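S.K.: Structure for the following, please:
(one chain, ligands or ions: 1)
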Amino acid sequence: MYAEQTASFIKTPGWLDWCASPTKPQFRLPPGSVDAHCHVFGPAAQFPYAPERKYTPCDAGKEQLFALRDHLGFSRNVIVQATCHGYDNRALMDACLASAGKARGVASVAADISDRQLQQLHQAGVRGVRFNFVKRLVDFTPPAVLQKIAARIAALGWHVVVYFEAADLAELSPFFIELPTIVVVDHMGRPDVSQALNGPGFQRFVELMTHHPHIWAKVGGAERLSLSGPPALPGQHQPYNDVVPFARQLVDSFPDRVLWGTDWPHPNLKQYMPDDGLLVDMIPRLAVSPEQQQQLLVSNPMRLYWPEEQ
Ligand code: 0GY
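M.R.: Numbering: from 1, shown residues only. Next comes the predicted model:
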């Protein structure tokens, strides 16, 4: 499995590489801010991509992630295992271990993972597992298998991160409700932002959070969800306007259960690569008050990923 040669890794046709020179954000992040959703890819020469992957990215290693963290003004990262690495969490663990305590991880694990391997992940800084239901990214795993994994990681004090398409929320909700840990939903459950904010699609997700206080949401991913897109020229208009009301409703309604992340290096975007500095500059439009910003960027992620420092 680990014998694949770097030379055989040819990027998926049309792959867009991450933005090498993002602008410096104008928004000054609160001290101690956490980028709570980002990834590392490879580098493939050291950490080969998984044979079962659905895409082959460009490399995006820990040094580059840490440089972005410092450039944007974040203090810490939560690195989420990307599907291109399958259940091989070595690149994620390596990044967490090299971060001097400034990165925690969310891993992907198979049902047959041993207790010893779970302990190794914990020691590296992993505090959650990701269950991915997006069909273009992963093959199907039966819910019963995921429930067994969840029961085991609950005993470690970890939580579950879930990624799914909005159309699948109704079917998946009973499963999420029964999970024995905090459940963090990636990209706000991927709402269709061309639909009304108060329409049934997004309100189903809001209802889920209203009635189930163990469900949290990440309110990043504007560049992935937006149909209006970024400004044509820097400063021309407010970017990603169409996503703002959706994120803002979640921040206003559940200020102690929201997280934000860059999603660097932005896998599978097809049109353009976002400027991570402009994404940070969106934050005060989503979390308007200094109190909300403190919760979104500092106290919520710290409670989940660095509880021992609280
Ligand atoms: C994201 C989104 C995507 C990919 C992954 O693990 C992954 O491959 O999460 C996507 O393609 O929508 O959050 O990074």
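S.K.: Can you list phi and psi of Ile79 for me?
M.R.: Dihedral angles of Ile79 (phi, psi; degrees, to the nearest 10) stand at phi -100, psi 120.
S.K.: Let me fix that, I meant to ask about Gly105.
M.R.: Per degrees, to the nearest 10, the backbone of Gly105 is at phi -130, psi 160.
S.K.: tell me the pLDDT at it?
M.R.: For Gly105, the pLDDT comes out at 98.
S.K.: What sits closest to it if chain neighbours are left out?
M.R.: Val126 (4.2 Å; CB to CB, 6 or more residues apart in numbering). Placement of C-beta: from N, CA and C, glycine included.
S.K.: tell me the contacts of that neighbour?
M.R.: Applying CB atoms under 8 Å, 6 or more residues apart in numbering, one finds that Val126 lies in contact with 89, 92-93, 96, 104-107, 158.
S.K.: Surely Pro25 is in contact with Asp281?
M.R.: Yes. The criterion here is CB atoms under 8 Å, and Pro25 meets it with Asp281 at 5.1 Å.
S.K.: who's in contact with Ser226?
M.R.: Taking CB under 8 Å, 6+ apart, we find Ser226 in contact with 193, 239-243.
S.K.: Can you pick out the most distant pair from those?
M.R.: With distances taken as CB to CB, the most widely separated pair in those is Val193 and Pro239, at 13.1 Å.
S.K.: on that earlier part again, separation between the residue nearest to Gly105 and Pro301?
M.R.: When distance is defined by CB to CB, to the nearest Å, Val126 is 15 Å away from Pro301.
S.K.: Next, the closest residue in space to Leu29 that isn't next to it in sequence: phi, psi?
M.R.: Nearest residue to Leu29, sequence neighbours excluded (CB to CB, 6+ apart): Gly73, at 4.4 Å. With angles defined as degrees, to the nearest 10, Gly73 sits at phi 100, psi 10.
S.K.: Strands of the chain, start to end?
M.R.: 34-38, 76-80, 103-107, 126-132, 159-163, 183-185, 215-218, 258-259 (DSSP state E).
S.K.: Can I get the fourth one in PDB, CA atoms only?
M.R.: Spelled out, it's strand 126-132. Presented in PDB, the C-alpha positions along strand 126-132 are these (Å, rounded to 0.1, in the frame of the first residue of the first chain):
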ATOM      1  CA  VAL A 126      -6.200  13.600  17.200                       C
ATOM      2  CA  ARG A 127      -9.400  14.500  18.900                       C
ATOM      3  CA  GLY A 128     -12.100  13.400  16.400                       C
ATOM      4  CA  VAL A 129     -13.000  11.200  13.500                       C
ATOM      5  CA  ARG A 130     -14.600  12.200  10.300                       C
ATOM      6  CA  PHE A 131     -17.500  10.400   8.700                       C
ATOM      7  CA  ASN A 132     -17.800  11.400   5.100                       C
END
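S.K.: in its sheet, what does that strand sit against?
M.R.: Paired neighbours of strand 126-132 in the sheet (DSSP bridges): strand 103-107 (parallel), strand 159-163 (parallel).
S.K.: For the last one, what is the distance to the chain centroid?
M.R.: Relative to the mean C-alpha coordinate of its chain, strand 159-163 is positioned 9 Å out (CA atoms, centre = their mean, to the nearest Å).
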